[in-house]
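1. What follows is a protein structure lacking sequence information:
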Ligand code: MG
(Lines give C-alpha, C1' and ligand atoms only; values in the text may rest on other atoms or scores of the structure.)
Protein backbone atom coordinates (compact mmCIF):
# COMPACT_ATOMS: atom_id res chain seq x y z
CA UNK A 1 0.00 0.00 0.00
CA UNK A 2 3.03 2.21 -0.01
CA UNK A 3 5.47 3.21 -2.68
CA UNK A 4 8.31 3.24 -0.14
CA UNK A 5 10.06 0.32 -1.75
CA UNK A 6 10.04 1.85 -5.18
CA UNK A 7 13.34 1.43 -7.00
CA UNK A 8 13.85 5.09 -7.78
CA UNK A 9 16.78 4.39 -10.09
CA UNK A 10 14.38 3.11 -12.72
CA UNK A 11 12.85 6.52 -13.19
CA UNK A 12 14.08 9.69 -14.69
CA UNK A 13 12.20 12.94 -14.89
CA UNK A 14 11.65 14.43 -18.27
CA UNK A 15 10.92 18.14 -17.90
CA UNK A 16 7.75 19.61 -19.36
CA UNK A 17 9.90 21.87 -21.48
CA UNK A 18 12.28 19.03 -22.07
CA UNK A 19 14.65 18.40 -24.87
CA UNK A 20 16.28 15.19 -25.89
CA UNK A 21 19.54 17.01 -25.40
CA UNK A 22 18.94 17.56 -21.69
CA UNK A 23 17.88 13.96 -21.25
CA UNK A 24 20.82 12.74 -23.26
CA UNK A 25 23.38 14.54 -21.17
CA UNK A 26 22.08 12.92 -18.01
CA UNK A 27 22.20 9.50 -19.59
CA UNK A 28 25.64 10.00 -21.03
CA UNK A 29 27.30 11.43 -17.96
CA UNK A 30 26.06 8.42 -16.03
CA UNK A 31 27.42 6.01 -18.61
CA UNK A 32 30.78 7.62 -19.15
CA UNK A 33 32.88 8.82 -16.22
CA UNK A 34 34.50 11.36 -18.44
CA UNK A 35 31.20 13.09 -18.90
CA UNK A 36 29.80 14.74 -21.96
CA UNK A 37 32.30 17.01 -23.59
CA UNK A 38 31.02 19.27 -26.28
CA UNK A 39 34.30 19.72 -28.06
CA UNK A 40 35.52 19.03 -31.55
CA UNK A 41 36.53 15.40 -31.29
CA UNK A 42 39.98 14.39 -32.35
CA UNK A 43 38.50 11.30 -33.89
CA UNK A 44 34.99 12.19 -35.09
CA UNK A 45 34.04 8.73 -36.35
CA UNK A 46 35.15 7.01 -33.20
CA UNK A 47 33.20 9.50 -31.10
CA UNK A 48 30.11 9.00 -33.26
CA UNK A 49 30.38 5.25 -32.83
CA UNK A 50 30.41 5.74 -29.06
CA UNK A 51 27.55 8.19 -29.01
CA UNK A 52 25.17 6.53 -31.44
CA UNK A 53 24.14 3.50 -29.35
CA UNK A 54 23.58 5.77 -26.36
CA UNK A 55 21.51 8.16 -28.42
CA UNK A 56 19.36 5.32 -29.72
CA UNK A 57 18.92 3.81 -26.27
CA UNK A 58 17.93 7.18 -24.87
CA UNK A 59 15.46 7.81 -27.69
CA UNK A 60 13.87 4.41 -27.03
CA UNK A 61 13.59 5.08 -23.30
CA UNK A 62 12.10 8.48 -24.03
CA UNK A 63 9.48 7.04 -26.37
CA UNK A 64 8.60 4.18 -24.03
CA UNK A 65 8.03 6.46 -21.05
CA UNK A 66 8.56 5.98 -17.37
CA UNK A 67 7.15 3.03 -15.46
CA UNK A 68 6.91 -0.75 -15.56
CA UNK A 69 6.21 -3.55 -18.01
CA UNK A 70 6.49 -6.50 -15.61
CA UNK A 71 3.53 -5.72 -13.35
CA UNK A 72 0.10 -7.42 -13.25
CA UNK A 73 -2.75 -6.45 -15.53
CA UNK A 74 -5.19 -3.95 -14.00
CA UNK A 75 -8.53 -5.82 -13.73
CA UNK A 76 -10.90 -4.76 -16.52
CA UNK A 77 -8.29 -2.63 -18.32
CA UNK A 78 -5.82 -3.23 -21.11
CA UNK A 79 -3.01 -1.63 -19.08
CA UNK A 80 -0.62 -3.03 -16.55
CA UNK A 81 -0.13 -1.47 -13.12
CA UNK A 82 2.12 1.64 -13.55
CA UNK A 83 2.30 0.80 -17.28
CA UNK A 84 5.16 2.65 -18.91
CA UNK A 85 3.28 2.72 -22.22
CA UNK A 86 0.10 4.21 -20.81
CA UNK A 87 -0.33 7.78 -22.07
CA UNK A 88 0.05 10.65 -19.67
CA UNK A 89 -2.92 12.98 -19.32
CA UNK A 90 -2.98 16.30 -21.18
CA UNK A 91 -1.76 19.34 -19.26
CA UNK A 92 -4.41 21.94 -18.44
CA UNK A 93 -3.39 25.25 -16.95
CA UNK A 94 -5.81 25.76 -14.07
CA UNK A 95 -7.33 29.12 -13.18
CA UNK A 96 -5.55 31.19 -10.60
CA UNK A 97 -7.90 30.00 -7.88
CA UNK A 98 -10.95 27.76 -7.62
CA UNK A 99 -11.85 26.54 -4.15
CA UNK A 100 -8.61 27.82 -2.67
CA UNK A 101 -9.13 28.81 0.97
CA UNK A 102 -12.80 27.83 0.66
CA UNK A 103 -14.45 28.39 4.05
CA UNK A 104 -16.01 25.28 5.59
CA UNK A 105 -19.82 25.00 5.56
CA UNK A 106 -21.43 25.00 9.00
CA UNK A 107 -21.99 21.24 9.06
CA UNK A 108 -18.44 20.32 8.05
CA UNK A 109 -15.91 18.68 10.36
CA UNK A 110 -12.84 20.91 10.14
CA UNK A 111 -9.84 18.57 10.07
CA UNK A 112 -7.22 21.31 9.94
CA UNK A 113 -7.85 24.99 10.53
CA UNK A 114 -4.24 26.17 10.39
CA UNK A 115 -3.51 25.79 14.11
CA UNK A 116 -2.91 22.21 15.22
CA UNK A 117 -3.18 18.52 14.38
CA UNK A 118 -5.54 17.66 17.24
CA UNK A 119 -7.93 15.89 14.82
CA UNK A 120 -5.12 13.59 13.65
CA UNK A 121 -3.07 10.77 15.09
CA UNK A 122 0.15 8.93 14.24
CA UNK A 123 3.70 8.55 15.43
CA UNK A 124 4.95 6.51 18.37
CA UNK A 125 2.92 8.30 21.03
CA UNK A 126 -0.21 8.61 18.91
CA UNK A 127 0.19 12.37 18.46
CA UNK A 128 0.54 13.31 14.80
CA UNK A 129 4.23 14.36 14.66
CA UNK A 130 4.21 16.51 11.53
CA UNK A 131 5.30 20.16 11.59
CA UNK A 132 2.69 22.92 11.96
CA UNK A 133 3.60 26.50 11.09
CA UNK A 134 2.20 29.56 9.31
CA UNK A 135 -1.25 28.05 8.83
CA UNK A 136 -0.11 24.80 7.20
CA UNK A 137 1.34 21.48 8.26
CA UNK A 138 4.18 19.61 6.62
CA UNK A 139 5.33 16.00 6.36
CA UNK A 140 8.28 15.24 8.65
CA UNK A 141 10.28 12.57 6.89
CA UNK A 142 10.49 9.22 8.63
CA UNK A 143 7.74 9.89 11.17
CA UNK A 144 5.19 7.82 9.28
CA UNK A 145 1.71 8.42 7.98
CA UNK A 146 -0.90 10.32 9.96
CA UNK A 147 -4.65 9.76 9.93
CA UNK A 148 -7.79 11.33 11.29
CA UNK A 149 -9.04 10.14 14.64
CA UNK A 150 -12.59 10.15 13.32
CA UNK A 151 -13.84 7.70 10.69
CA UNK A 152 -16.18 8.60 7.85
CA UNK A 153 -18.47 6.72 5.48
CA UNK A 154 -19.50 8.60 2.32
CA UNK A 155 -18.31 12.19 2.19
CA UNK A 156 -17.35 15.44 0.50
CA UNK A 157 -13.77 16.46 1.28
CA UNK A 158 -11.99 19.75 0.68
CA UNK A 159 -8.20 19.38 0.75
CA UNK A 160 -5.32 21.74 -0.09
CA UNK A 161 -1.69 20.79 -0.64
CA UNK A 162 1.53 22.26 -1.92
CA UNK A 163 4.62 20.58 -3.38
CA UNK A 164 8.10 21.55 -2.12
CA UNK A 165 9.79 24.53 -3.75
CA UNK A 166 12.41 24.31 -5.13
CA UNK A 167 11.53 20.86 -6.44
CA UNK A 168 13.85 17.95 -5.69
CA UNK A 169 13.97 14.45 -7.20
CA UNK A 170 12.03 13.11 -10.12
CA UNK A 171 9.19 10.79 -11.07
CA UNK A 172 7.69 9.34 -7.85
CA UNK A 173 10.52 10.89 -5.87
CA UNK A 174 9.30 14.47 -6.27
CA UNK A 175 6.79 15.93 -3.84
CA UNK A 176 5.12 12.58 -3.15
CA UNK A 177 2.47 12.08 -0.48
CA UNK A 178 -0.95 10.52 -0.75
CA UNK A 179 -4.54 11.08 0.24
CA UNK A 180 -5.89 7.70 1.38
CA UNK A 181 -9.67 7.61 1.59
CA UNK A 182 -10.90 5.23 4.31
CA UNK A 183 -7.14 4.87 4.86
CA UNK A 184 -7.08 2.47 1.88
CA UNK A 185 -7.83 4.10 -1.46
CA UNK A 186 -5.15 6.50 -2.64
CA UNK A 187 -5.67 9.68 -4.59
CA UNK A 188 -2.05 10.43 -5.44
CA UNK A 189 -0.36 13.59 -4.22
CA UNK A 190 2.72 14.26 -6.35
CA UNK A 191 4.52 17.18 -7.96
CA UNK A 192 3.89 16.56 -11.67
CA UNK A 193 4.81 20.05 -12.80
CA UNK A 194 7.67 19.46 -15.24
CA UNK A 195 8.00 15.96 -13.85
CA UNK A 196 7.31 12.86 -15.87
CA UNK A 197 6.02 9.73 -14.17
CA UNK A 198 3.82 6.78 -15.05
CA UNK A 199 0.21 7.64 -15.85
CA UNK A 200 -1.51 5.92 -12.93
CA UNK A 201 0.91 7.57 -10.49
CA UNK A 202 0.09 11.13 -11.60
CA UNK A 203 -1.20 13.76 -9.18
CA UNK A 204 -4.86 12.96 -8.63
CA UNK A 205 -4.47 9.48 -10.09
CA UNK A 206 -6.15 6.57 -8.36
CA UNK A 207 -2.78 5.04 -7.72
CA UNK A 208 -2.09 1.92 -9.75
CA UNK A 209 -5.57 1.98 -11.32
CA UNK A 210 -6.66 5.16 -13.09
CA UNK A 211 -4.67 8.14 -14.35
CA UNK A 212 -6.39 11.48 -13.94
CA UNK A 213 -8.24 12.84 -16.98
CA UNK A 214 -5.97 15.91 -16.94
CA UNK A 215 -2.78 17.22 -15.39
CA UNK A 216 -3.96 20.41 -13.66
CA UNK A 217 -0.89 20.85 -11.48
CA UNK A 218 0.15 24.20 -10.05
CA UNK A 219 3.81 25.16 -9.82
CA UNK A 220 5.84 23.89 -6.84
CA UNK A 221 5.18 26.08 -3.82
CA UNK A 222 1.73 27.11 -5.06
CA UNK A 223 -1.40 25.66 -3.47
CA UNK A 224 -3.48 22.95 -5.12
CA UNK A 225 -7.03 22.06 -4.16
CA UNK A 226 -8.66 18.65 -4.33
CA UNK A 227 -12.42 18.60 -3.96
CA UNK A 228 -13.38 14.98 -3.50
CA UNK A 229 -16.71 13.17 -3.32
CA UNK A 230 -16.27 9.62 -2.10
CA UNK A 231 -18.59 6.68 -1.59
CA UNK A 232 -17.16 3.74 0.30
CA UNK A 233 -17.69 0.09 -0.57
CA UNK A 234 -20.62 -1.99 0.67
CA UNK A 235 -20.41 -5.69 1.44
CA UNK A 236 -22.93 -8.52 1.86
CA UNK A 237 -22.96 -10.89 4.83
CA UNK A 238 -20.38 -13.15 3.17
CA UNK A 239 -18.00 -10.24 2.65
CA UNK A 240 -18.63 -9.95 -1.10
CA UNK A 241 -18.53 -6.41 -2.48
CA UNK A 242 -22.01 -5.24 -3.47
CA UNK A 243 -20.87 -1.69 -4.25
CA UNK A 244 -17.30 -0.73 -5.07
CA UNK A 245 -15.76 2.41 -3.60
CA UNK A 246 -15.96 5.31 -6.07
CA UNK A 247 -14.70 8.85 -6.25
CA UNK A 248 -15.08 12.18 -8.00
CA UNK A 249 -11.99 14.39 -7.85
CA UNK A 250 -11.73 18.05 -8.90
CA UNK A 251 -8.17 19.43 -8.98
CA UNK A 252 -7.91 23.22 -9.04
CA UNK A 253 -11.34 23.34 -10.73
CA UNK A 254 -10.57 20.59 -13.27
CA UNK A 255 -12.41 17.25 -13.08
CA UNK A 256 -9.93 14.38 -12.85
CA UNK A 257 -12.43 11.57 -12.21
CA UNK A 258 -16.19 11.40 -12.08
CA UNK A 259 -17.56 8.59 -9.90
CA UNK A 260 -14.69 6.36 -10.91
CA UNK A 261 -14.48 3.01 -9.14
CA UNK A 262 -11.59 1.59 -7.17
CA UNK A 263 -10.78 -2.07 -7.93
CA UNK A 264 -9.81 -2.50 -4.29
CA UNK A 265 -7.34 -0.86 -1.91
CA UNK A 266 -4.36 0.86 -3.53
CA UNK A 267 -1.08 -1.00 -3.90
CA UNK A 268 2.36 -0.55 -5.41
CA UNK A 269 3.06 -2.84 -8.38
CA UNK A 270 0.11 -5.02 -7.41
CA UNK A 271 -3.69 -5.17 -7.36
CA UNK A 272 -4.98 -5.71 -3.81
CA UNK A 273 -8.47 -7.15 -3.38
CA UNK A 274 -11.32 -5.74 -1.31
CA UNK A 275 -11.71 -7.08 2.20
CA UNK A 276 -14.77 -6.67 4.34
CA UNK A 277 -14.92 -3.90 6.95
CA UNK A 278 -17.63 -1.73 8.43
CA UNK A 279 -17.63 0.69 5.48
CA UNK A 280 -16.07 3.58 7.40
CA UNK A 281 -12.48 4.72 7.65
CA UNK A 282 -10.15 7.63 8.37
CA UNK A 283 -8.43 10.05 6.04
CA UNK A 284 -4.79 9.00 5.97
CA UNK A 285 -1.90 11.09 4.65
CA UNK A 286 1.30 9.47 3.46
CA UNK A 287 4.84 10.15 4.63
CA UNK A 288 6.74 9.40 1.44
CA UNK A 289 9.77 11.32 2.68
CA UNK A 290 9.03 14.61 0.90
CA UNK A 291 8.12 17.83 2.79
CA UNK A 292 4.68 18.27 1.20
CA UNK A 293 2.45 20.87 2.88
CA UNK A 294 -1.29 20.84 3.64
CA UNK A 295 -3.85 23.41 4.76
CA UNK A 296 -7.60 24.06 4.98
CA UNK A 297 -8.99 20.52 5.19
CA UNK A 298 -12.65 19.90 5.94
CA UNK A 299 -15.12 17.09 5.39
CA UNK A 300 -18.90 16.67 5.27
CA UNK A 301 -20.81 13.39 5.41
CA UNK A 302 -22.87 13.12 2.21
CA UNK A 303 -26.16 12.62 4.02
CA UNK A 304 -29.30 11.17 2.51
CA UNK A 305 -32.30 12.48 0.58
CA UNK A 306 -35.59 13.34 2.30
CA UNK A 307 -34.24 13.90 5.77
CA UNK A 308 -36.24 16.21 8.07
CA UNK A 309 -35.03 19.76 8.59
CA UNK A 310 -33.05 20.26 11.77
MG1 LIG B 1 1.82 8.70 -2.84
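-> Cool, the structure landed. Computed from a predicted structure; not experimentally measured.

2. Can you list the low-confidence ranges for the stretch 1-150 of the chain?
-> 1-64 (pLDDT under 70).

3. The stretch 151-300 of the chain now?
-> For the stretch 151-300 of the chain, no range has pLDDT under 70.

4. contacting residues for the residue of it found nearest the ion?
-> The nearest approach of the stretch 151-300 of the chain to the ion comes at residue 178, 3.2 Å away (Cβ to the ion). From N, CA and C alone the C-beta is placed, and that goes for glycine too. By Cβ atoms under 8 Å, 6 or more residues apart in numbering, residue 178 lies in contact with 186, 187, 188, 189, 207, 266, 284, 285, 286, 288.

5. what subset of those is also close to the ion?
-> residue 286 (Cβ under 5 Å from the ion).

6. among the contacts of residue 178, which are in helices?
-> With DSSP state H as the criterion, helices contain none of the contacts of residue 178.

7. where exactly do the helices run in the chain?
-> Under DSSP H, the chain gives helices at 20-31, 44-64.

8. Any part of stretch 72-83 near the ion?
-> No - counting by Cβ under 5 Å from the ion, the ion has no neighbours in stretch 72-83; the shortest distance is 12.1 Å.

9. which of the residues in that stretch are buried?
-> Buried residues in stretch 72-83, counted by 16 or more other Cβ atoms under 10 Å: 74, 79, 80, 81, 82, 83.

10. What's the separation between the residue lying closest to the second one once chain neighbours are set aside and residue 80?
-> Just to be clear, that refers to residue 79. With Cβ to Cβ, 6 or more residues apart in numbering as the criterion, residue 79 has its nearest non-adjacent residue at 4.8 Å, and that residue is residue 86. Residue 86 sits 8 Å away from residue 80, going by Cβ to Cβ, to the nearest Å.

11. one step back: neighbour count added to the contacts of residue 178, as JSON lines?
-> Below are the contacts of residue 178 laid out as JSON lines (neighbours: other Cβ atoms under 10 Å):
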{"residue": "186", "neighbour count": "27"}
{"residue": "187", "neighbour count": "26"}
{"residue": "188", "neighbour count": "25"}
{"residue": "189", "neighbour count": "28"}
{"residue": "207", "neighbour count": "28"}
{"residue": "266", "neighbour count": "26"}
{"residue": "284", "neighbour count": "21"}
{"residue": "285", "neighbour count": "27"}
{"residue": "286", "neighbour count": "24"}
{"residue": "288", "neighbour count": "21"}
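
12. Among the contacts of residue 178, which ones are in strands?
-> Taking DSSP state E, the ones among these that sit in strands are 186, 187, 188, 189, 284, 285.

13. and these, which two are the farthest apart?
-> 188 and 284 (13.3 Å; Cβ to Cβ).

14. Need the residues touching each of these two.
-> With Cβ under 8 Å, 6+ apart as the test, residue 188 and residue 284 both reach 178, 179.

15. before we move on, back to that, the residue of the stretch 151-300 of the chain closest to the ion bridge partners, please.
-> On the basis of DSSP bridges, residue 178 is bridged to residue 188.

16. State the distance from it to residue 108.
-> Counting by Cβ to Cβ, the gap from residue 178 to residue 108 is 22 Å.

17. now do residue 118
-> 16 Å.

18. So those two - more neighbours on which side?
-> A count of neighbours by other Cβ atoms under 10 Å puts residue 108 above the other of residue 118 and residue 108, at 17 against 12.

19. Quick one: residues contacting the more buried one.
-> Contacts of residue 108 by Cβ under 8 Å, 6+ apart are 158, 298, 299, 300.

20. out of the residues you listed, who has the most neighbours?
-> Result: residue 158 is most packed of those (other Cβ under 10 Å), 23 neighbours.

21. near the ion, which residues of the chain show up?
-> Counting by Cβ under 5 Å from the ion, the chain sits next to the ion at 176, 178, 286.

22. is it true that residue 176 touches residue 287?
-> No - with contact defined as Cβ atoms under 8 Å, residue 176 does not count as touching residue 287 (9.7 Å).

23. More neighbours: which of the two?
-> Neighbours were counted for residue 176 and for residue 287 using other Cβ under 10 Å; residue 176 has more, 26 against 23.

24. what about the spatially closest residue to that one that is not a sequence neighbour, distance to residue 190?
-> Residue nearest to residue 176 in three dimensions, not counting chain neighbours: residue 288, with 3.9 Å by Cβ to Cβ, 6+ apart. Relative to residue 190, residue 288 is positioned 9 Å away (Cβ to Cβ).
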